[in-house]
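Student: Give me coordinates for this.
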Amino acid sequence: MAIKLYSWPRSSGTRVSWALEELGVPYEYIHLDGKKLEHRTPQYLAVNPHGKVPGLVDGDTNFFESGAILLHLGDKYGVEKELWPAGRGQAHADAICWTVWAMADFGSYFMQYVYHGLDSPVSYKPEDRSKACAEYNRSQFMRGLDALQARLQEREYLLGSFSLADIPAASWLHLGNMFGVQVDSHPRVAEWLKRCGERPACRRAR
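Tutor: Next comes the predicted model:
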């Protein structure tokens, strides 16, 4: 049974599309129409009870949250494709940790910085922004870039060769490019991001 991915463009589902394209796993992309509230129907809420995208159905198993979906895809399909470390050694631990960090930490600080500190289509109105919140979240976002820079100092990708663990952090920074967030102050990160963005699977997903 083909995988079903419920999503819409320029959403967290894009990183799942990217992963599926890298894996070469057959899947059906089901475009939900947010204006018609198709993400709030009983049928979709059975997949993602929070009524957000993405949602993924793999056989008789449902998943929500893009980070959780990536971990599932890595463990189930990524090892054979050499896009996820096998076993339970340090490489596998690194893959899990960088994936979870990007979703729970890096992305959260990045989005709060965007909401409060930038002029973008998704930012709060100027009167609703907090300068203190913007400054704090920018500082934590920069710490994240520092960590990526250090990790990439002697590696082309986060685990050495490209893996699904590169997708979460790279996808946040691709979004940042749309909002004018530059990473030129971290040259290794900028080079890595360029390599990720030039991958055919990434281009197809975006």
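
Student: Need the pLDDT of the residue lying closest to Ile3 once chain neighbours are set aside.
Tutor: Among residues not flanking Ile3 along the chain, Tyr27 sits closest, at 3.9 Å (CB to CB, 6 or more residues apart in numbering). For glycine as for every other residue, the C-beta is placed from the backbone atoms N, C-alpha and C. Reading off the confidence values, Tyr27 has pLDDT 97.

Student: ditto for Gly176
Tutor: 95.

Student: What's the separation between it and His31?
Tutor: Gly176 sits 24 Å away from His31, going by CB to CB, to the nearest Å.

Student: and if you look at Ala95?
Tutor: From Ala95 to His31 the distance is 29 Å (CB to CB).

Student: Which parts of this protein are strands?
Tutor: 3-7, 27-31, 55-58, 61-64 (DSSP state E).

Student: Mean neighbour count and distance to Gln182 added to these, as JSON lines?
Tutor: Listed next are those as JSON lines, based on neighbours: other CB atoms under 10 Å; distance: least, CB to CB, whole Å:
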{"stretch": "strand 3-7", "mean neighbour count": "21", "distance to Gln182": "27"}
{"stretch": "strand 27-31", "mean neighbour count": "15", "distance to Gln182": "31"}
{"stretch": "strand 55-58", "mean neighbour count": "23", "distance to Gln182": "32"}
{"stretch": "strand 61-64", "mean neighbour count": "16", "distance to Gln182": "32"}
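
Student: For those strands, give me TSV that also has distance to Pro187.
Tutor: As requested, the strands of the chain are exported to TSV (distance: least, CB to CB, whole Å):
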stretch	distance to Pro187
strand 3-7	33
strand 27-31	35
strand 55-58	35
strand 61-64	36
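
Student: looking at those, which is closest to Asp119?
Tutor: Proximity to Asp119 (CB to CB) singles out strand 3-7 among the strands of the chain, at 26.9 Å.
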